[in-house]
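Novice: structural data only, the sequence is not supplied:
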């Protein structure tokens, strides 16, 4: 007798497998990781038999959320081509493409497989750029070859090979350069600060690499202010200093060469117990906003659409992936940061929550956000293997 597993179950399996692979590569306690991964898989697989409960997501009045696709296992960073093709990286070795029309998916493609945690994607001049730990790959004329993807061109294969914080968010800046972060290969350690714990940039062909900013433990999201064109980025704080210390950060880098403190200072005001003695936090660039400890702030973008109310213009949306090592879970939501262009008067508020339920049950983990040309906002979820679409209409009086 042949048993056909539901697509949702398979989606849960691949997502859990991807997380196990990443954790196992980066942990010395592999037996513990295996046990944790097994528990996560069972819980996720059982939840996957039901449709994703988007009705549990709480948004401000007038906002609505729907599932754009629930067939994108381990969905991470997103990039949109001018032809309306949504490209999505993952942690499970695949790169996906969704053809969109009027806010709906008309076709789904797998354009790459077998890559090493290809979490980051960026589109430029007809080509898709994909991060794969130590490599950046380019798929030329990809919009026209979704069913027969070309062999990728290796832009560079000289990035660090460590997989701990090795998966990368990538994006092209206003200067035409490809920005590529390299996280610290540890929880906290003192490594070559010209190679680890930084954001770098290069020409589209991989040449003229340079470091833009140092002292960054692990940035998995950055964008440029629509008016000033200055770089802003999220940064994940270190672990194992307690439930409430240190904060994740939202940083602003108006010029190249700034230092944000890692591994000497965390959260802008917490000296590291081992490395911080002779390096006061005052010597480094402070954050614009402290986002909270262990929220795992990942993808971030500025909103410049016209669908949302005018008060949302130039606000920053941040995907909080959620804590894994805190006694009480936090994150698992999308926040909105309101700030002046120079970083003054900054404050944050919750925009979307509900992936973390009472009793600390988790059914989703936001990984990236992407404003669309029609003004809607997409949210990727690597735990549920989904992409959501948020829209706005004026509430009925």
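Specialist: Thanks, I have the structure now. Please read all numbers here as calculations on a predicted model, not as lab measurements.
Novice: give the pairing partners of the host helix or strand of residue 181; include direction for each.
Specialist: Taking DSSP states H and E as the criterion, residue 181 maps to strand 178-182. Within its sheet, and counting by DSSP bridges, strand 178-182 is paired with strand 171-172 (antiparallel), strand 198-202 (antiparallel).
Novice: give the rounded mean pLDDT of it.
Specialist: Averaging pLDDT along strand 178-182 gives 98.
Novice: so who does residue 218 touch?
Specialist: Residue 218 is in contact with 165, 181, 183, 184, 197, 235, 236, counting by C-beta atoms under 8 Å, 6 or more residues apart in numbering. (C-beta placed from N, C-alpha, C; glycine too.)
Novice: and the residue nearest to residue 149 when sequence neighbours are not counted, how many neighbours?
Specialist: Excluding its sequence neighbours, the residue lying closest to residue 149 (C-beta to C-beta, 6 or more residues apart in numbering) is residue 111, at 4.3 Å. Residues contacting residue 111 under the criterion other C-beta atoms under 10 Å number 23.
Novice: cool, residue 77 as well?
Specialist: The number of residues near residue 77, taken as other C-beta under 10 Å, comes to 30.
Novice: and it, how far from residue 64?
Specialist: Taking C-beta to C-beta, to the nearest Å as the measure, residue 77 falls 24 Å from residue 64.
Novice: shaky segments in the chain?
Specialist: 1-50, 397 (pLDDT under 70).
Novice: what pairs with the top strand by length along it, parallel or antiparallel?
Specialist: Taking DSSP state E as the criterion, the chain has its longest strand at strand 104-112. Neighbouring strands of strand 104-112 in its sheet, by DSSP bridges, are strand 95-101 (antiparallel).
Novice: for the strand it pairs with, buried residues please.
Specialist: Buried residues in strand 95-101, counted by 16 or more other C-beta atoms under 10 Å: 95, 96, 97, 98, 99, 100.
Novice: nearest to residue 133, of the residues you listed?
Specialist: Distance to residue 133, by C-beta to C-beta, is smallest for residue 95 among the buried residues of strand 95-101, at 13.9 Å.
Novice: do I have it right that the closest one meets residue 79?
Specialist: No - using C-beta atoms under 8 Å, residue 95 is not in contact with residue 79, being 10.2 Å away.
Novice: what residues are shared contacts of those two?
Specialist: 87, 121, 128.
Novice: nearest to residue 373 among the residues you listed?
Specialist: Nearest to residue 373, judged by C-beta to C-beta, of the shared contacts of residue 95 and residue 79 is residue 87 at 15.1 Å.
Novice: inside strands: which ones of the shared contacts of residue 95 and residue 79?
Specialist: With strands taken from DSSP E, the overlap with those comprises 87, 121, 128.
Novice: which of these tops the neighbour count?
Specialist: residue 121 (29 neighbours).
Novice: which residues touch it?
Specialist: Contact partners of residue 121, counting by C-beta under 8 Å, 6+ apart, are 77, 78, 79, 87, 88, 89, 95, 128, 129, 130, 131, 170.
Novice: wait, the second one sits on residue 88?
Specialist: Yes - taking C-beta under 8 Å as the contact criterion, residue 78 and residue 88 are neighbours in contact, 5.3 Å apart.
Novice: specify the beta-bridge partners of residue 349.
Specialist: Beta-bridge pairing for residue 349 (DSSP bridges): residue 336.
Novice: contacts only, for residue 355.
Specialist: For residue 355, the contact set (C-beta under 8 Å, 6+ apart) comprises 56, 57, 322, 332, 333, 362, 363, 364, 365, 366, 381, 383.
Novice: hang on, the earlier thing: neighbour count winner among residue 78 and residue 88?
Specialist: Just comparing residue 78 and residue 88: by other C-beta under 10 Å the higher neighbour count belongs to residue 88, 30 against 25.
Novice: correct me, but that one touches residue 74?
Specialist: No - taking C-beta under 8 Å as the definition, residue 88 is not a contact partner of residue 74, at 9.4 Å.
Novice: now residue 257: how far from residue 93?
Specialist: When distance is defined by C-beta to C-beta, residue 257 is 36 Å away from residue 93.
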